[in-house]
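S.K.: 3D, please:
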Amino acid sequence: MTEKNLRQEVENIIAGGESSGFRLRALGGIAVSLTCPSAEIHSRLKRDYADIDLVGLSSDGSQIKSFFARLGYSPDIRFNALHGLSRLLYYSPAGNSHIDIFLDRFQMCHSIDLRRRLLQGYLTVTMADLLITKLQIIEMNEKDMQDCLAILLDHELGPEVSSRIDQNYIASLAARDWGLYTTLSDNLGKVKEHLGDFLLSKEVRVVNQRIEGVIDAMQLAPKSLGWQARAKIGRRLEWYDLPDEVKR
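M.R.: Modelled structure (predicted):
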């Protein structure tokens with residue numbers, strides 16, 4: 001399936017969910033494609049997108065299952081039986097793509113609660129949430145780097161609207177979770193190190209400034225007691241999960 005067709009499929013699914021009384025929002029690479037022009041036109045940031053990642057609410061689980069059945073999508077019966085309270089997997093009618101649906105939380109290297117983040121009028125999660133889901137990956141690959149750079153290049157920092165990255169929201173999450181703070185900080189540093197590998201000099205300046213803005217907000221945000229207690233243990237104890245790749 002082409003990228004254009006994937007984007008159209010996402011838009012149709014989200015609109016269909018709204019009409020059926022429940023809310024889905026895109027995340028992952030396809031969400032970057034939907035919200036970042038650079039992901040489509042920038043020679044070093046453009047990449048292929050094979051599948052669709054969505055997030056919904058577990059309370060809508062029955063409606064979501066019925067909805068995809070009506071559309072002719074095939075469930076991964078074993079996967080959904082094992083993980084259906086937190087995640088669902090479906091295959092397109094043509095069998096050339098799959099849809100991964102996270103329920104309530106994006107659970108990978110870190111757990112990101114998205115229950116209150118499926119905002120009205122959006123196709124995707126917010127830019128801040130999208131950036132967090134990319135930066136929380138412990139073993140970032142080139143595609144993850146490209147996605148982070150596309151988000152940071154195309155979207156300014158500022159109060160939360162669909163086109164901005166709310167650095168204060170990111171900082172508020174990181175201030176309650178030392179592990180998340182550490183991974184985000186590490187990966188923002190990695191992204192900075194590779195700016196010149198992907199971007200032109202004027203683009204490097206823009207993205208570097210935005211990275212510094214996120215880092216500053218994270219460092220300045222008052223930390224919770226739990227954060228401070230975990231910080232005393234530090235890196236002597238693993239602060240992340242390494243999720244198994246879903247076998248399809």
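
S.K.: for the residue nearest to V207 when sequence neighbours are not counted, what are phi and psi?
M.R.: In space, and not counting its chain neighbours, V207 is closest to L152: 4.7 Å by CB to CB, 6 or more residues apart in numbering. For the C-beta atoms, the positions are set from N, CA and C on the backbone; glycine is no exception. L152 adopts backbone torsions of phi -70, psi -30, taken as degrees, to the nearest 10.

S.K.: from G196, how far out is L152?
M.R.: 14 Å (CB to CB, to the nearest Å).

S.K.: check S163 too.
M.R.: 26 Å.

S.K.: M127 too?
M.R.: 24 Å.

S.K.: and these two? Which one has more around it.
M.R.: M127 (29 against 11; other CB atoms under 10 Å).

S.K.: correct me, but the more buried one touches L34?
M.R.: No: M127 lies out of contact with L34 (CB atoms under 8 Å); the separation is 11.3 Å.

S.K.: helix/strand/coil for Y90?
M.R.: Following DSSP: H, G, I helix; E, B strand; the rest coil, Y90 is assigned to strand.

S.K.: that one contacts F68, correct?
M.R.: Yes: counting by CB under 8 Å, Y90 does reach F68; the two are 5.1 Å apart.

S.K.: the two: who's more crowded?
M.R.: Using other CB under 10 Å, the more surrounded residue of Y90 and F68 is Y90, with 24 against 21.

S.K.: how about the contacts made by that one?
M.R.: Applying CB atoms under 8 Å, 6 or more residues apart in numbering, we find Y90 in contact with 68, 73-76, 98-99, 101.

S.K.: next step: those restricted to strands.
M.R.: Residues from those lying in strands, with DSSP state E as the criterion: 74-75, 98-99, 101.

S.K.: the residue lying closest to M108 once chain neighbours are set aside: neighbour count?
M.R.: Counting by CB to CB, 6+ apart, M108 lies nearest to P243, which is 5.1 Å off, once chain neighbours are set aside. If you count neighbours by other CB under 10 Å, P243 ends up with 11.
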